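please find the sequence and the predicted model below.
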Amino acid sequence: MKIAFPTDDGKTISPHFGRAPYYLIAVLEEGSEPLFEQREKSYHGSEEHGHHDEHEHNHHRDHSDMFAPLSDCQVLIAGGMGSPAYDHALSMGLQVLLPAEKIIQNALAMFQRGELKSDPRRIHNHGQGNIHLA
């Protein structure tokens with residue numbers, strides 16, 4: 001199983017999926033310690049994604065560029081994300097969790113024990129200040 005964590009520093013879960021420049025991927029295999037790999041991700045502010053202000057006016061753009069590095073992952077654990085990105089992740093078949101825990105190692109251990117809780121209030125409904133409850 002592969003679990004993706006959007007991150008700015010490789011240690012903490014980024015508070016906003018779209019602004020994180022990397023994914024830390026945890027590879028879980030039965031009877032082994034997790035292996036980790038860092039992957040680059042397009043993000044708000046990167047040239048390939050476009051300037052963040054432009055994105056503010058077009059929230060329903062295709063998020064495929066941000067999700068391309070996750071094609072072999074089954075789970076996405078993020079600190080928060082916009083509803084278009086959340087819907088895109090679900091359409092890819094990803095299990096999406098949005099926990100309060102910010103330390104990747106802690107969140108991974110909680111996930112492995114079945115104790116990681118997702119908070120749907122962490123889904124941002126862009127432009128309206130509301131949340132998208134799943």
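It's in. The structure presented is a predicted model; accordingly, all values stated were derived computationally and were not measured. Numbers count the residues shown, from 1 in each chain.

report the contact partners of the residue positioned nearest the centre of the chain.
With distances taken as Cα atoms, centre = their mean, Ala78 lies nearest the centre of the chain, 3.9 Å away. For Ala78, the set of contacting residues under the criterion of Cβ atoms under 8 Å, 6 or more residues apart in numbering consists of Phe5, Pro6, Ile13, Ser14, Phe17, Val96, Leu97, Leu98, Arg122. Where you see a C-beta, it was placed from the backbone N, CA and C, and this is true even at glycine.

can you tell me how far it is from Glu30?
For Ala78, the distance to Glu30 (Cβ to Cβ, to the nearest Å) stands at 25 Å.

can you give me the helices in this structure?
Listed in chain order, the helices found in the chain under DSSP state H are 52-56, 64-67, 83-91, 104-112.

check the gap between the residue nearest to the centre of the chain and Ala4 for me.
Using Cβ to Cβ, we find Ala78 at a distance of 8 Å from Ala4.

then Met81?
With distances taken as Cβ to Cβ, Met81 is found 12 Å from Ala4.

so the two - more neighbours on which side?
Shown here are Met81 and Ala4; by other Cβ atoms under 10 Å, Met81 has more neighbours (28 against 25).

thought that one was touching Ile123?
Yes - Met81 lies in contact with Ile123 (Cβ atoms under 8 Å); the separation is 6.4 Å.

tell me, what's touching these two both at once?
Taking Cβ under 8 Å, 6+ apart as the contact criterion, the residues that touch both Met81 and Ile123 are Leu98.

which secondary element of this structure has the worst mean pLDDT?
helix 52-56 (a mean of 41; mean pLDDT, DSSP states H and E).

alright, that wraps it up for me.
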